[in-house]
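**Student:** Compute the structure for the input listed below.
(4 chains)
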2 protein chains.
Amino acid sequence: MKYTEKLRNSGLRPTKQRLQICEVLFDTERTFHFTINDLVNKIKKQLNNKISLATVYNTVHAFEKKGYLKQIPINSNQTYFDTNIADHHHFYDLKEEKLIDLENSDVGPINILKKIDGKKIKSVEVLVKLED
Amino acid sequence: MKYTEKLRNSGLRPTKQRLQICEVLFDTERTFHFTINDLVNKIKKQLNNKISLATVYNTVHAFEKKGYLKQIPINSNQTYFDTNIADHHHFYDLKEEKLIDLENSDVGPINILKKIDGKKIKSVEVLVKLED
DNA sequence: TTTATAGTTTATAATGATTCTAAAAAACTG
DNA sequence: CAGTTTTTTAGAATCATTATAAACTATAAA
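**Tutor:** Here you go, the predicted model:
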């Protein structure tokens, strides 16, 4: 199986559920944004068996911790995840309530001039809110 | 009362509760970040009477809609608000789970090169995550 | 003023995303 | 295989937020 090694390498046992979730998340032409609820529905459609909700939560969090997924910082009642782990940004269409990728190359270089003692920058994320 | 006009001007009746919440939020030397829970505690300490939780939620949302407050886009189980409504950004200290203001002048100019048809940019917000 | 009414506050219930629990199942190690 | 650890699972618990609907209040008109 294609994702067995990937999982083992990061110390996750390649269980049936994890491998199936990998398929749904990563066997795609394009990266995408999703909520847990979106993912549960995708799993229902694409796979015949069902995976427990708790497992979906566990797996998504495990994958996020291992760097296979990123959380998107946005205010919503649900948490949004992104299968695009490359350094990039987002538009948020306020009316449609939809996220759109904004590539690094579509944003001029961002230079953070202020430094915080004893801390280093882990990421710089831009959220561009859109209205009509 | 100092905030009566402000409220009237934006179509909000200057009720006792709203005026008191204004005091807690805006009678301060510095702007600050808060959750609803933080605000409820602040109200308990600074005022002698109590304001219903539902009213605190209603008021904060009303104030946000009128532009007296801004939500901070960040992933947390609670919603963070900011009394600093000037265009600015944030550091987020992952370890301490604390927000720090990042002034516009401390970030180089941000140029969004990608355009979305029929949409215009309402805001550009940068979140800089910090680690040790 | 009084009165009418539209807007507000309130306690409480409802909602809904997420996390917890603890027992059963599966994966791994030797 | 046998023993151990990890994972899955259904269901319960948690907790921020929103809804409800009755009591209250600000406001404007008479």
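**Student:** What backbone torsions are found at the closest residue to A:Glu103 other than its chain neighbours?
**Tutor:** Excluding the flanking residues, the one nearest A:Glu103 by C-beta to C-beta, 6 or more residues apart in numbering or on different chains is A:His88, at 5.5 Å. Any C-beta I mention is one placed from the backbone N, CA and C, and that applies to glycine too. Note on A:His88: backbone dihedrals following degrees, to the nearest 10 are phi -160, psi -180.
**Student:** repeat for the one 10 residues further on
**Tutor:** Here is the backbone geometry of A:Lys98 (degrees, to the nearest 10): phi -130, psi 140.
**Student:** so what's it bridging to?
**Tutor:** Beta bridges link A:Lys98 to A:Asp93, judged by DSSP bridges.
**Student:** rewinding a little: residues contacting the residue nearest to A:Glu103?
**Tutor:** Neighbour list for A:His88: A:101-104 [criterion: C-beta atoms under 8 Å, 6 or more residues apart in numbering or on different chains].
**Student:** which one of those is nearest B:Asn9?
**Tutor:** Lowest distance from B:Asn9 to the contacts of A:His88 (C-beta to C-beta) belongs to A:Leu102, with 36.0 Å.
**Student:** and the residue lying closest to that closest one once chain neighbours are set aside, what helix or strand is that in?
**Tutor:** Of all residues not flanking A:Leu102 in the chain, A:His89 sits nearest, at 4.1 Å (C-beta to C-beta, 6+ apart). Element membership of A:His89 [criterion: DSSP states H and E] is strand A:88-93.
**Student:** ditto for A:Ile74
**Tutor:** Counting by DSSP H and E, A:Ile74 is part of no helix or strand.
**Student:** Give the closest residue to it in space, chain neighbours not counted.
**Tutor:** B:Pro73 (5.1 Å).
**Student:** What separation is there between that neighbour and A:Gln46?
**Tutor:** B:Pro73 sits 31 Å away from A:Gln46, taking C-beta to C-beta, to the nearest Å as the criterion.
**Student:** Same question for A:Leu12.
**Tutor:** From A:Leu12 to A:Gln46 the distance is 21 Å (C-beta to C-beta).
**Student:** If you tally nearby residues, what's the number for the closest residue to A:Thr83 other than its chain neighbours?
**Tutor:** Nearest non-adjacent residue to A:Thr83, counting by C-beta to C-beta, 6+ apart: A:Thr31, 4.4 Å away. Residues lying near A:Thr31 (other C-beta atoms under 10 Å in any protein chain shown) number 14.
**Student:** what's the spacing between A:Thr31 and B:Phe81?
**Tutor:** 31 Å.
**Student:** go on, A:Thr83?
**Tutor:** From A:Thr83 to B:Phe81 the distance is 30 Å (C-beta to C-beta).
**Student:** So which of those two has more stuff around it?
**Tutor:** More crowded of A:Thr83 and B:Phe81, by other C-beta under 10 Å: B:Phe81, with 24 against 17.
**Student:** For that one, which non-adjacent residue is closest in space?
**Tutor:** B:Leu69 (5.0 Å).
**Student:** same check, this time on A:Asp87
**Tutor:** Closest to A:Asp87 by C-beta to C-beta, 6+ apart is A:Asn104, at 5.7 Å.
**Student:** What parts of chain A come near DNA strand C?
**Tutor:** Within chain A, the residues that sit near DNA strand C (C-beta under 7 Å from any atom of the strand) are A:8, A:13-16, A:35-37, A:53-54, A:57, A:61, A:77-79.
**Student:** hang on, the earlier thing: pretty sure the residue nearest to A:Ile74 is in contact with A:Gln71, am I right?
**Tutor:** No: B:Pro73 lies out of contact with A:Gln71 (C-beta atoms under 8 Å); the separation is 11.6 Å.
**Student:** Which one's more surrounded, those two?
**Tutor:** Neighbour totals were compared for B:Pro73 and A:Gln71, and B:Pro73 leads with 22 against 15 (other C-beta under 10 Å).
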